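Asks: okay, sequence plus prediction incoming.
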Amino acid sequence: MLRSAKAAGCRVLLMTDETQRHEAWPYDAIDEFIVTPTFLRYQDVINTVTWMARGQRIDLIIPLDEFEIELCAILREHMRLPGMGVSLMRHFRDKLTMRELTQRAGIPVPRFAHILNYDALRDYMGSVPPPWMLKPRMDAGSMGIRKLHDSEQVWRTLDALGDQQSYYLLEEFLPGAVLHVDSVVQDGQIIFASAQQYGAPPFDTYHSGGVFDTTMLNRDDPRYPALLDMNQRVIRALGLANGVAHAEFIQAQRDDQLYFLEVAARVGGAYISDMLDYATGVNPWREWFGLEMSQLEGQPYQLPVPRTDYGAVVLTLARDAAPDTSHYTDPEIVCRIDKPFHAGFVLVSPDHARLVGLVAQYKERMARDFTAVAPGKGVQRTGLAR
């Protein structure tokens, strides 16, 4: 996105916090690099950005991470800039809000309860069998989610949360295959979408470690059109007009039906954008910026014609800082993931069966060759939710 902005002739200002100061930023595409102590003190960030705006015109503010979406929405409204505002932002950040809105639109969701009224919560636990997933309403992905197995465990957990418990919801646990759809949206219509399936649910990988993988679905898979249709219904119900979305669904074992889990108005992490770029020629980061610029300048936006190859990502936390992957030599490897203490690949093939077979082989090999687990953290916190 930063390079796309620079190539379009924009002056690019990157603001990050101290924890990200030394990341491998594309400095050749950045005109001004600003480091703030933390993004958690919103008022300090607002003061800094508005001070910067005294000497230069700021036209667009775009988040590069899930946790900045709320802050960017606040800045846009305060500075009267285009883009997603605070009210719409909650549709894509607050897990309770997105469940209520999609359920109201007739989209199947797992049964859930807001942690608010204790009588209503008792009724919920009496009618929905455990285990349940306790989910923070505003965290990203699998962060902060806990699986609770009985009502006593729920009450003790809520006691520990104290005044923070209303920021959570309780949801029935549905075993099944977790899928995701990554989209580009223009004027409320999805102009590009790709459906993928995780090898293991992100919750399991996040909490237990192991090898993460996701693979594009075969376009002949009967779930493919159903997923794209449900994804469009979700986007419509939540009101996204222009931008990108990463939505997750589950095909439940109990009835083989698709259920909506959650959606974020951002590019999917875990190198999903790289996979889409190599397999289809559509990079959600680049297209997101193109949409923002087209809206700003009042010019038409043209999506590139997608290719029809299939892609996959296989990634694990590694024991070594720079693991040697040279003995992985298949021609389907189009990208070796270069991140400290990680080993991973983006794979692309026109043959879906060949790709699925390679992913299965690589998961076994990589578990033996590289995999390490950070106790209590799992893989996700170390790089999958970048």
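Replies: Received the coordinates, thanks. This is a predicted model, so every value here is computed, not measured.

Asks: which residues in this structure form strands?
Replies: 13-17, 32-36, 112-114, 132-136, 146-148, 168-172, 176-186, 189-198, 211-216, 243-252, 258-264, 310-317, 333-336, 342-349 (DSSP state E).

Asks: list the neighbouring strands of the first one plus their orientation.
Replies: The strands that strand 13-17 pairs with in its sheet are strand 32-36 (parallel) (by DSSP bridges).

Asks: give me the low-pLDDT residue ranges for this structure?
Replies: Along the chain, the parts satisfying pLDDT under 70 run over 140-142, 205-208, 373-386.

Asks: hmm, try it at 80
Replies: 139-143, 201-209, 373-386 (pLDDT under 80).

Asks: how is it divided into domains?
Replies: As recorded under automatic domain parsing, the domains making up the chain are 2-91, 111-172, 176-382.

Asks: from those domains, which stretch is densest packed?
Replies: domain 176-382 (a mean of 18; mean count of other C-beta atoms under 10 Å). (C-beta placed from N, C-alpha, C; glycine too.)

Asks: now the strands of the chain in TSV, with distance to A24?
Replies: Below are those laid out as TSV (distance: least, C-beta to C-beta, whole Å):
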stretch	distance to A24
strand 13-17	12
strand 32-36	13
strand 112-114	39
strand 132-136	30
strand 146-148	33
strand 168-172	35
strand 176-186	23
strand 189-198	26
strand 211-216	21
strand 243-252	22
strand 258-264	23
strand 310-317	17
strand 333-336	15
strand 342-349	13
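
Asks: quick one, which of these is nearest to L358?
Replies: strand 342-349 (5.8 Å; C-beta to C-beta).

Asks: list the helices and strands the closest one packs on?
Replies: helix 272-280, strand 310-317, strand 333-336, helix 352-369 (3 or more C-beta pairs under 8 Å, 6 or more residues apart in numbering; DSSP states H and E).

Asks: out of those, nearest to Q196?
Replies: helix 272-280 (7.3 Å).

Asks: wait, which of the domains of the chain is closest to R99?
Replies: domain 111-172 (5.5 Å).

Asks: and that closest one, how far apart are its ends?
Replies: 6 Å (C-alpha to C-alpha, to the nearest Å).

Asks: same check on stretch 184-203?
Replies: Start-to-end, stretch 184-203 (C-alpha to C-alpha) is 25 Å.

Asks: and what of stretch 55-75?
Replies: End residues of stretch 55-75 are separated by 17 Å (C-alpha to C-alpha).

Asks: likewise stretch 254-270?
Replies: By C-alpha to C-alpha, one end of stretch 254-270 lies 29 Å from the other end.

Asks: so how far is it from its chain's centroid?
Replies: 9 Å (C-alpha atoms, centre = their mean, to the nearest Å).

Asks: how about stretch 347-359?
Replies: 23 Å.

Asks: off-centre distance for stretch 258-277?
Replies: 5 Å.

Asks: what sits up against stretch 119-136?
Replies: 95, 111, 113-115, 143-151, 154, 157, 167-173, 203 (C-beta atoms under 8 Å, 6 or more residues apart in numbering).

Asks: ok, back up a step: got a markdown table for the helices and strands packed on strand 342-349, with distance to R57 too?
Replies: What follows is the helices and strands packed on strand 342-349, written out as a markdown table (distance: least, C-beta to C-beta, whole Å):
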| stretch | distance to R57 |
| --- | --- |
| helix 272-280 | 29 |
| strand 310-317 | 39 |
| strand 333-336 | 37 |
| helix 352-369 | 47 |
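
Asks: and the residue lying closest to V86 once chain neighbours are set aside, what is it in contact with?
Replies: Spatially, and ignoring its direct neighbours in sequence, V86 is nearest to A73 (4.8 Å; C-beta to C-beta, 6 or more residues apart in numbering). Listed by C-beta under 8 Å, 6+ apart, the contact set of A73 reads 83-86, 88-89.

Asks: for S349, state which of those residues is nearest.
Replies: Looking across these and measuring by C-beta to C-beta, the closest to S349 is M84, at 36.0 Å.

Asks: out of the domains of the chain, which is closest to A105?
Replies: The minimum distance between A105 and the domains of the chain falls on domain 176-382, with 3.8 Å, by C-beta to C-beta.

Asks: angles on the backbone of the residue nearest the centre of the chain, please.
Replies: Nearest to the geometric centre of the chain sits G268, at 3.9 Å (C-alpha atoms, centre = their mean). With angles defined as degrees, to the nearest 10, G268 sits at phi -60, psi 140.

Asks: save the contacts of A73 as a markdown table, and put in distance to Y278 too.
Replies: A markdown table is the format used below for those (distance: C-beta to C-beta, whole Å):
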| residue | distance to Y278 |
| --- | --- |
| G83 | 28 |
| M84 | 28 |
| G85 | 34 |
| V86 | 36 |
| L88 | 32 |
| M89 | 31 |
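
Asks: surely L276 meets N283?
Replies: Yes - with contact defined as C-beta atoms under 8 Å, L276 reaches N283; the gap is 6.5 Å.

Asks: first-to-last residue distance for stretch 49-66?
Replies: Note: stretch 49-66 ends 19 Å apart using C-alpha to C-alpha.

Asks: need the contact partners of that stretch.
Replies: Contacts of stretch 49-66 (C-beta under 8 Å, 6+ apart): 1, 11, 13, 15, 34, 69, 71-72, 75-76, 78-79, 81-83, 93, 140-141, 264, 266, 269, 288-289, 292-293, 296, 385-386.

Asks: determine how far that stretch lies from the middle of the whole chain.
Replies: With C-alpha atoms, centre = their mean, you get 23 Å for stretch 49-66.
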